[in-house]
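*Asks:* coords please:
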Amino acid sequence: MRVVTREMTEIQRMEQRLMTDLRKPIWRPFMRAIRDYRLIRPGDKIAVCVSGGKDSMLLAVLMRLLQRHSEVPFEAVNLVMDPGYSPANRRQIEENAGRLGLDYTLVESDVFEVADAQTGEDEVPCFLCARMRRGCLYRNAQALGCNKLALGHHYDDVIETTLMAMLYGGQIQAMPPMLRAANFPGMSVIRPLYRVREADICAWRDAFGLKFIGCACRLTENTARDESASARLQTKRLIASLHQSNPKVEQNIFNSIHRVQLDTLVGWKHKGELHSFLEDFID
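*Replies:* Sure thing, here's the model as predicted:
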């Protein structure tokens, strides 16, 4: 009897590797975040926000795999918002989505243009731009019937943001794995890559020779070229330097936001209300 063997497509090979040799560094921590933080509930419809970078593209692939293997029924749609990308970056997103077999809904916007117009000459528009982009994603996700936005923030984003809040913001503030939207009732943000390391995402990218866009902002090109001006890059370098003498430094930063000792804090804010340790001394 003749045995017919079917050669796998590139997409099938990518998915197989995520479930085999990349299972430990990527699939398992992805699934652990889903379970530990209860990110997905039965009946959820999730808009996976695909910016065109490596993180969000991998997230879209993982969410597609999860739909096949999860016992929890949910829907997922890929949402791409074009805030005013250059033609080259737009093509890169389209080509990568095609190569990864990702269907998506495309939303056109003028976020870059509006943010530029509302930002002073010596100001960097990143905060305003991010806020406008998030609002646009929320509105379009709701229009698609979604109740959650899935973002591609990973483990390294979490620890860097935690440290940056202390060093540059003067506060102890973390990036939670799930967050209710303040201005969009019924909507939440989830971060399924919360426990996945950036180095492992890069390894997945490089294993298949994938090329993704980085920061595609046209408004901060000069700042982007001057790497020393980036607070996040400086924080990355600080953590890498500390790692040389303490290999557990990343894990310790990550664990610290899971083990906050409120009894030792001088002041904190909960649901917008400020509290002080002196409250324990009021008769």
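
*Asks:* isn't there a helix covering Val189?
*Replies:* No. In this structure, Val189 is strand, not part of a helix, as judged by DSSP: H, G, I helix; E, B strand; the rest coil.

*Asks:* what pairs with it across the strands?
*Replies:* In this entry, Val189 is beta-bridged to Leu149, Leu179, by DSSP bridges.

*Asks:* Can you read off the pLDDT for it?
*Replies:* In this prediction, Val189 carries a pLDDT score of 97.

*Asks:* cool, and Asp226?
*Replies:* 45.

*Asks:* Pull the number of nearby residues for Gly145.
*Replies:* 10 (other Cβ atoms under 10 Å). For every residue, glycine as well, the C-beta is placed using N, CA and C.

*Asks:* Check the spacing between the residue nearest to Met14 when sequence neighbours are not counted and Val61 real quick.
*Replies:* Leaving aside its sequence neighbours, Met14 sits nearest to Phe208 (Cβ to Cβ, 6 or more residues apart in numbering; 6.0 Å). Going from Phe208 to Val61 by Cβ to Cβ, to the nearest Å gives 11 Å.

*Asks:* neighbour count winner among these two?
*Replies:* Val61 (20 against 12).

*Asks:* Could you pull up the contacting residues of the closest residue to that one other than its chain neighbours?
*Replies:* Once flanking residues are discounted, Val61 sits nearest to Leu100: 5.8 Å by Cβ to Cβ, 6+ apart. When contacts are counted by Cβ atoms under 8 Å, 6 or more residues apart in numbering, Leu100 touches 11, 14, 57, 60-61.

*Asks:* what's the residue nearest to Met14 sitting at in phi/psi?
*Replies:* When read as degrees, to the nearest 10, the backbone of Phe208 gives phi -120, psi 10.

*Asks:* before we move on, what about the one 3 residues further on?
*Replies:* Torsion angles at Lys211 (phi, psi; degrees, to the nearest 10) stand at phi -130, psi 120.

*Asks:* Now it: closest residue in space, sequence neighbours ignored.
*Replies:* Nearest non-adjacent residue to Lys211 (Cβ to Cβ, 6+ apart): Gln92, at 7.1 Å.

*Asks:* Also Ile190?
*Replies:* Per Cβ to Cβ, 6+ apart, closest to Ile190 is Leu39, 4.4 Å.

*Asks:* so who does Leu262 touch?
*Replies:* Contacts of Leu262 by Cβ under 8 Å, 6+ apart are Trp268.

*Asks:* got it, and Ala97?
*Replies:* Contacts of Ala97 by Cβ under 8 Å, 6+ apart are 50, 57, 78, 80, 103-104.

*Asks:* And it, which helix or strand is it part of?
*Replies:* For Ala97, the element it lies in under DSSP states H and E is helix 87-100.

*Asks:* For that helix, list the C-alpha coordinates in PDB.
*Replies:* Provided in PDB are the C-alpha atoms of helix 87-100 (Å, rounded to 0.1, in the frame of the first residue of the first chain):
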ATOM      1  CA  PRO A  87       4.100  53.000   3.000                       C
ATOM      2  CA  ALA A  88       7.100  50.700   3.800                       C
ATOM      3  CA  ASN A  89       6.000  49.900   7.300                       C
ATOM      4  CA  ARG A  90       2.400  49.300   6.100                       C
ATOM      5  CA  ARG A  91       3.700  46.800   3.500                       C
ATOM      6  CA  GLN A  92       5.800  45.100   6.100                       C
ATOM      7  CA  ILE A  93       2.800  44.500   8.300                       C
ATOM      8  CA  GLU A  94       0.800  43.200   5.400                       C
ATOM      9  CA  GLU A  95       3.600  40.900   4.300                       C
ATOM     10  CA  ASN A  96       4.200  39.500   7.800                       C
ATOM     11  CA  ALA A  97       0.500  38.900   8.400                       C
ATOM     12  CA  GLY A  98       0.300  37.000   5.100                       C
ATOM     13  CA  ARG A  99       3.400  34.900   5.900                       C
ATOM     14  CA  LEU A 100       2.000  34.100   9.400                       C
END
